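Peer 1: sequence? don't have it. structure:
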């Protein structure tokens with residue numbers, strides 16, 4: 001079983017152990033023994049078992065059958081103690097191979113979930129500047145800030161626009177320990193409705209209540225180019241009044257906000273009323289909610305498809321350039337033509353004289369004007385137009401446009417849309433139009449879900465990310481400034497001295513504004529420190545080695561001027577001799593010199 005035997009030196013056999021075949025006490029030949037086998041240098045003991053059968057034993061004069069030995073290996077130790085189980089053999093461990101690859105660790109992959117993005121520093125600063133401008137306009141209208149949690153009870157979110165291809169109706173939801181369903185907020189309006197309902201219940205909220213809010217919202221929808229699952233909204237709402245003047249003021253607020261951001265003459269605030277659509281539906285006798293919703297979605301695509309495309313979607317459907325077919329609302333030909341007739345006329349605005357008179361007249365003369373709901377919506381539009389004109393906002397700024405639908409189902413009256421009218425080239429050189437960057441309207445039923453009584457409200461929401469992209473395309477965003485001034489660490493034993501220099505820049509004693517500065521905190525040499533400062537977009541670096549310290553000076557290197565000079569210098573010798581944009585000044589003049597450099601590049 002174990003191959004050829006080998007004589008075992010007596011020194012390797014434990015005391016009391018016997019070799020195979022050696023007689024033990026009582027004159028019995030043991031079938032278990034110890035054998036030494038060569039395993040590299042020296043010997044190692046290995047227990048083995050005999051494959052022979054047990055000898056026959058007489059019992060009452062009869063011979064028993066041969067029985068096999070037990071299969072477990074044994075080590076015979078002699079004496080009256082019998083047999084003990086052999087211990088497993090311990091083989092010598094092979095030395096590790098230094099060239100072998102270490103096994104892969106089970107580490108998570110560094111990746112973003114689909115539909116989310118990181119925001120770099122430059123974009124964060126631009127966004128902060130834009131939000132500060134919007135906040136200033138909202139404050140000037142008397143709106144108060146309000147913050148609500150990112151998570152609400154799912155039942156409190158009300159009606160939100162679902163994505164038909166996704167579960168959870170467009171929201172991210174989970175259950176808490178009480179098995180209550182919670183959701184990340186879908187917008188900022190539903191949390192406001194919950195807040196107002198609580199305030200009305202406790203009678204602590206003054207009405208009308210005017211608030212603005214800014215923050216991220218989340219939508220569990222299919223992500224795509226420019227369409228994210230998390231984005232920022234900036235809202236302003238007036239709750240507790242059905243006065244149409246509140247709707248007109250929201251339109252003015254939207255206009256003033258876009259002008260404050262540098263978009264004068266490049267936008268229009270479009271206004272319509274959902275009551276017009278409900279009146280048209282009653283007159284045409286359309287009873288199917290699905291059919292009517294499809295018809296409104298078709299009208300909402302006028303800017304992209306034109307009236308020919310809208311007509312196809314009102315009827316049987318439309319096939320686009322890729323061959324995909326979109327089913328239509330299946331309206332009859334007379335129904336489609338009556339809708340198109342009114343909107344064709346009303347879409348023409350007297351832009352030349354800056355009024356909405358022609359559009360309003362077209363609505364008055366339509367066959368739908370006999371409907372009471374349509375007439376009520378028309379009167380509200382007339383009042384919004386009159387109030388806007390009186391405040392100095394003509395039809396080129398606030399325009400009556402019956403094609404505006406707005407997607408959310410909770411709108412009950414006037415609806416607004418802020419549309420950018422300019423065109424720009426995208427990265428592929430194609431001409432693109434940004435279109436809508438915000439919208440809103442009247443929602444008189446949202447708070448009623450909590451209180452059981454009607455609480456009228458109206459508001460406007462800006463799509464911050466989309467607006468920021470539009471401003472960047474126009475070049476009107478605040479340009480990213482330079483990074484901090486970097487103080488190099490030339491001597492590791494003098495870190496305290498360099499830290500003192502940084503503090504002098506951050507808290508200057510000349511009475512001027514603080515200078516953004518940092519000390520290099522790594523452990524690399526000067527070359528690596530200069531590369532670091534360059535990557536940080538530092539305008540200049542402060543250098544003080546042993547020689548400068550002895551003279552009471554610092555060297556200040558202007559990295560911006562140095563980069564410009566490097567384009568004209570031909571070789572290293574010329575660079576060393578000229579030492580472009582690098583000056584030595586007394587340590588006491590460090591702050592003033594840095595200020596001069598910053599002022600020069602700011603100009």
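Peer 2: Perfect, I can see it now. Quick caveat: nothing in here was measured; it's all calculated off a predicted structure.

Peer 1: With residue 443 as the reference, measure out to the residue lying closest to residue 218 once chain neighbours are set aside.
Peer 2: Leaving aside its sequence neighbours, residue 218 sits nearest to residue 184 (C-beta to C-beta, 6 or more residues apart in numbering; 4.0 Å). For the C-beta atoms, the positions are set from N, CA and C on the backbone; glycine is no exception. Residue 184 sits 21 Å away from residue 443, taking C-beta to C-beta, to the nearest Å as the criterion.

Peer 1: same question, residue 177
Peer 2: The gap separating residue 177 from residue 443 is 33 Å, by C-beta to C-beta.

Peer 1: Neighbour count: these two, which is higher?
Peer 2: Taking other C-beta atoms under 10 Å, residue 177 and residue 443 do not tie; residue 443 has more neighbours (29 against 5).

Peer 1: Give me the nearest residue to that one, chain neighbours excluded.
Peer 2: residue 410 (4.6 Å).

Peer 1: tally of neighbours for the one you found?
Peer 2: 20.

Peer 1: can you check residue 483 too?
Peer 2: 18.

Peer 1: That one contacts residue 536, doesn't it?
Peer 2: Yes - taking contacts as C-beta atoms under 8 Å, residue 483 lies within contact range of residue 536: 4.1 Å.

Peer 1: rewinding a little: what helix or strand does the residue nearest to residue 443 sit in?
Peer 2: In this structure, residue 410 sits in neither a helix nor a strand according to DSSP states H and E.

Peer 1: in the stretch 51-200 of the chain, which spans are strands?
Peer 2: Taking DSSP state E, counting those that start in this stretch, the strands of the stretch 51-200 of the chain run over residues 58-59, 62-63, 74-76, 83-85, 144-145, 151-153, 173-175, 181-184.

Peer 1: Now do the contacts for the residue nearest to residue 218.
Peer 2: 150-151, 171-173, 217-218 (C-beta atoms under 8 Å, 6 or more residues apart in numbering).

Peer 1: Can you lay out the residues you listed as TSV showing pLDDT and neighbour count?
Peer 2: TSV is the format used below for the contacts of residue 184 (pLDDT from 0 to 100; neighbours: other C-beta atoms under 10 Å):
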residue	pLDDT	neighbour count
150	95	13
151	94	16
171	87	22
172	89	16
173	88	15
217	93	20
218	93	21
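
Peer 1: where exactly do the strands run in the stretch 201-350 of the chain?
Peer 2: Under DSSP E, counting those that start in this stretch, the stretch 201-350 of the chain gives strands at 209-218, 230-239, 267-273, 317-319, 325-327.

Peer 1: Same check on the stretch 451-600 of the chain?
Peer 2: For the stretch 451-600 of the chain, the strands defined by DSSP E, counting those that start in this stretch occupy 457-463, 485-487, 517-519, 540-543, 553-558, 582-586.

Peer 1: right, and residue 486 touches residue 537 too?
Peer 2: No - counting by C-beta under 8 Å, residue 486 stays clear of residue 537, with 10.2 Å between them.

Peer 1: Please compare the two by neighbour count and tell me which comes out ahead.
Peer 2: Neighbours around residue 486 and residue 537, counted as other C-beta under 10 Å, are more numerous at residue 486. The numbers are 25 against 15.

Peer 1: Report the contact partners of the more buried one.
Peer 2: By C-beta under 8 Å, 6+ apart, the neighbours of residue 486 are 517-520, 529, 532-533, 536, 538, 541-542.

Peer 1: Name the SS class of the closest residue to residue 378 other than its chain neighbours, please.
Peer 2: Once flanking residues are discounted, residue 378 sits nearest to residue 363: 5.3 Å by C-beta to C-beta, 6+ apart. What DSSP: H, G, I helix; E, B strand; the rest coil gives for residue 363 is helix.

Peer 1: what's around residue 363, how many residues?
Peer 2: Look at residue 363: counted by other C-beta under 10 Å, it has 25 neighbours.

Peer 1: before we move on, what about residue 220?
Peer 2: The local packing of residue 220 (other C-beta under 10 Å) involves 19 other residues.

Peer 1: picking that back up, okay, the strands of the stretch 451-600 of the chain in a markdown table with mean pLDDT next?
Peer 2: Shown next, in a markdown table, are those (pLDDT from 0 to 100):
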| stretch | mean pLDDT |
| --- | --- |
| strand 457-463 | 94 |
| strand 485-487 | 96 |
| strand 517-519 | 96 |
| strand 540-543 | 95 |
| strand 553-558 | 94 |
| strand 582-586 | 92 |
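
Peer 1: With distance to residue 121 added, can I get these in JSON lines?
Peer 2: Conversion of the strands of the stretch 451-600 of the chain to JSON lines gives the following (distance: least, C-beta to C-beta, whole Å):
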{"stretch": "strand 457-463", "distance to residue 121": "22"}
{"stretch": "strand 485-487", "distance to residue 121": "16"}
{"stretch": "strand 517-519", "distance to residue 121": "14"}
{"stretch": "strand 540-543", "distance to residue 121": "19"}
{"stretch": "strand 553-558", "distance to residue 121": "22"}
{"stretch": "strand 582-586", "distance to residue 121": "27"}
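
Peer 1: Can you say which of these is nearest to residue 141?
Peer 2: Evaluated over the strands of the stretch 451-600 of the chain, closeness to residue 141 peaks at strand 457-463, with 10.9 Å, by C-beta to C-beta.

Peer 1: Buried residues, stretch 139-158. List them.
Peer 2: Residues of stretch 139-158 classed as buried by neighbour count (16 or more other C-beta atoms under 10 Å): 141, 143, 146, 148, 151-152, 154, 156-158.

Peer 1: err, stretch 182-198, not the other one
Peer 2: 182-197.

Peer 1: low-scoring stretches of the stretch 251-400 of the chain, by residue?
Peer 2: For the stretch 251-400 of the chain, the stretches with pLDDT under 70 are 344-354.

Peer 1: what sits against the closest residue to residue 130 other than its chain neighbours?
Peer 2: Counting by C-beta to C-beta, 6+ apart, residue 468 is the residue found nearest to residue 130 once chain neighbours are left out, at 6.0 Å. When contacts are counted by C-beta under 8 Å, 6+ apart, residue 468 touches 123, 126-127, 130, 477.

Peer 1: Name the nearest of the residues you listed relative to residue 251.
Peer 2: residue 130 (20.6 Å).

Peer 1: Which parts of the stretch 151-300 of the chain are helices?
Peer 2: 189-202, 244-260, 274-284, 289-300 (DSSP state H, counting those that start in this stretch).

Peer 1: and for the last one, what are the contacting residues?
Peer 2: For helix 289-300, the surrounding residues in contact (C-beta under 8 Å, 6+ apart) are 277, 281, 286, 310, 313-314, 327-331, 339, 343, 403-407.

Peer 1: What subset of those residues is buried?
Peer 2: The neighbour-count criterion (16+ other C-beta under 10 Å) marks 277, 281, 286, 310, 313-314, 328-331, 339, 343, 403-406 among these as buried.

Peer 1: average model confidence for stretch 410-424?
Peer 2: Averaging pLDDT along stretch 410-424 yields 89.

Peer 1: tell me which residues of that stretch are tucked away?
Peer 2: Buried residues in stretch 410-424, defined by neighbour count with 16+ other C-beta under 10 Å: 410-420, 424.

Peer 1: likewise stretch 379-390?
Peer 2: Within stretch 379-390, the residues that qualify as buried are 380-385, 387-389, counting by 16+ other C-beta under 10 Å.

Peer 1: In the sheet, which residues pair with the residue nearest to residue 174 when sequence neighbours are not counted? Tell me.
Peer 2: Leaving out its chain neighbours, the residue that sits closest to residue 174 by C-beta to C-beta, 6+ apart is residue 182, at 5.9 Å. Beta-bridge partners recorded for residue 182 (DSSP bridges): residue 153, residue 174.

Peer 1: No further questions, thank you.
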